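Trainee: Okay, structure incoming, though there's no sequence with it:
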Ligand SMILES: C[S@@+](CC[C@H](N)C(=O)[O-])C[C@H]1O[C@@H](n2cnc3c(N)ncnc32)[C@H](O)[C@@H]1O
């Protein structure tokens, strides 16, 4: 599994301010539709980019809680959210949130559920901490949508297969509707956010993925340093030749907490 330590926090923080990931964050922001005075949970807040945007939108009469397991990600979030007295940054897990019942009007979680082998414990906790009727937004990638050109498809396949081990569930958006219903939520709609990079932009999603995937492949011990480097070099060469192509789709699910309890057997 990917470790969210200091160097990952720095890499993500830089790329997450780029055009691709800003668009993804904006889609989740629009789906949560923050209103002045609301209390909102940002589950797996990472470096706090969305947390800060939500804090601005709800204003000082509102409240935003960023919850994350990683002290390094929270340290970056703290720096970003220092100016807001109405932001609480809390170290804790989605499976056992240190938060009272029915605390929030809305909750959002972006690129976090793919690290959960089973979404139900986190959804059960989200159901507990949301007020009846509260809105839930979950944005995640469906990794089957990855289309990435290489003149060495077998090597590309090996790198991608190794990268699969960085998460627990490659297909969160497809699994969510049933999981949401089972945990007392009513799924409303889903919005795809497609990325397509045909150049290797310094602020793009593709460049961040190449760096993360190259390091992860080497650390996994499954791919030699020489092979991982050759793969990254090929992508740079394709970009120089105007032949780079990478596309992937993120999906933003919107649901709300049912006003009645979920059915239990
Ligand atoms: C890919 S980052 C996304 C960060 C942020 N949501 C964003 O989009 O910028 C995933 C985050 O989920 C956090 N995370 C992973 N497992 C978690 C858990 N069980 N409970 C809370 N946070 C978790 C990680 O520490 C990391 O900060």
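Mentor: That came in fine, so what should we check first? Since we're looking at a predicted model, the values are computed, not measured.
Trainee: so who does the residue of the chain found nearest the ligand touch?
Mentor: Relative to the ligand, the nearest point of the chain is residue 46 (2.5 Å; C-beta to the nearest ligand atom). For the C-beta atoms, the positions are set from N, CA and C on the backbone; glycine is no exception. By C-beta atoms under 8 Å, 6 or more residues apart in numbering, the residues touching residue 46 are 4, 9, 12, 16, 68, 70, 73, 76-77, 111.
Trainee: which one of the residues you listed sits closest to residue 27?
Mentor: residue 111 (12.1 Å; C-beta to C-beta).
Trainee: who's the closest residue to that closest one other than its chain neighbours bridged to?
Mentor: Distances taken as C-beta to C-beta, 6 or more residues apart in numbering place residue 140 nearest to residue 111, at 6.2 Å, with adjacent residues excluded. Assessed by DSSP bridges, residue 140 has beta-bridge partners residue 251.
Trainee: circling back to that earlier point, give me the pLDDT for the residue of the chain closest to the ligand.
Mentor: Model confidence at residue 46, expressed as pLDDT, equals 95.
Trainee: Residue 264 too?
Mentor: 53.
Trainee: need the contact list for residue 241.
Mentor: Here residue 241 is in contact with no residues (criterion: C-beta under 8 Å, 6+ apart).
Trainee: All further residue positions should be reported with the first residue as 752.
Mentor: Understood, numbering begins at 752; the last thing we discussed is residue 992.
Trainee: Regarding the residue of the chain closest to the ligand, what is its secondary structure?
Mentor: coil (DSSP: H, G, I helix; E, B strand; the rest coil).
Trainee: Can you name the residues in contact with the worst-scoring helix or strand of the chain on mean pLDDT?
Mentor: Ranking every helix and strand in the chain by mean pLDDT, DSSP states H and E puts helix 757-766 at the bottom, with a mean of 74. For helix 757-766, contacts defined as C-beta under 8 Å, 6+ apart pick out 753, 755, 772, 797-798, 800, 821, 823-824, 826-827, 954-956, 958-959, 962-963.
Trainee: try 6 Å
Mentor: By C-beta atoms under 6 Å, 6 or more residues apart in numbering, the surrounding residues in contact with helix 757-766 are 798, 823-824, 827, 959.
Trainee: Now do the buried residues in that helix.
Mentor: Buried positions in helix 757-766, judged by neighbour count with 16 or more other C-beta atoms under 10 Å: 759-760, 763-764, 766.
Trainee: Could you do stretch 891-900 as well?
Mentor: The neighbour-count check on stretch 891-900 (16+ other C-beta under 10 Å) flags 891-894, 896, 899 as buried.
Trainee: coming back round to it: using CSV, please lay out the buried residues of helix 757-766 together with distance to residue 858.
Mentor: Output for those, formatted as CSV (distance: C-beta to C-beta, whole Å):
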residue, distance to residue 858
759, 24
760, 22
763, 21
764, 23
766, 25
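Trainee: Closest one of these to residue 832?
Mentor: residue 764 (13.1 Å).
Trainee: gap between the spatially most central residue of the chain and residue 981?
Mentor: Centre of the chain computed as the mean C-alpha position; nearest residue by C-alpha atoms, centre = their mean is residue 862, 1.4 Å away. Distance, residue 862 to residue 981, using C-beta to C-beta, to the nearest Å: 28 Å.
Trainee: picking that back up, just after the least confident helix or strand of the chain, pick out the following helix or strand.
Mentor: The helix or strand immediately downstream of helix 757-766 is helix 770-783, counting by DSSP states H and E.
Trainee: Start and end of stretch 901-920, how far apart?
Mentor: 25 Å (C-alpha to C-alpha, to the nearest Å).
Trainee: buried sites along that stretch?
Mentor: So for stretch 901-920, counting by 16+ other C-beta under 10 Å, buried means 901, 906-907, 909-911, 913-914, 917-918, 920.
Trainee: same deal with stretch 778-797?
Mentor: Buried residues in stretch 778-797 (16+ other C-beta under 10 Å): 778-780, 782-783, 785, 789-797.
Trainee: Thanks a lot, catch you later.
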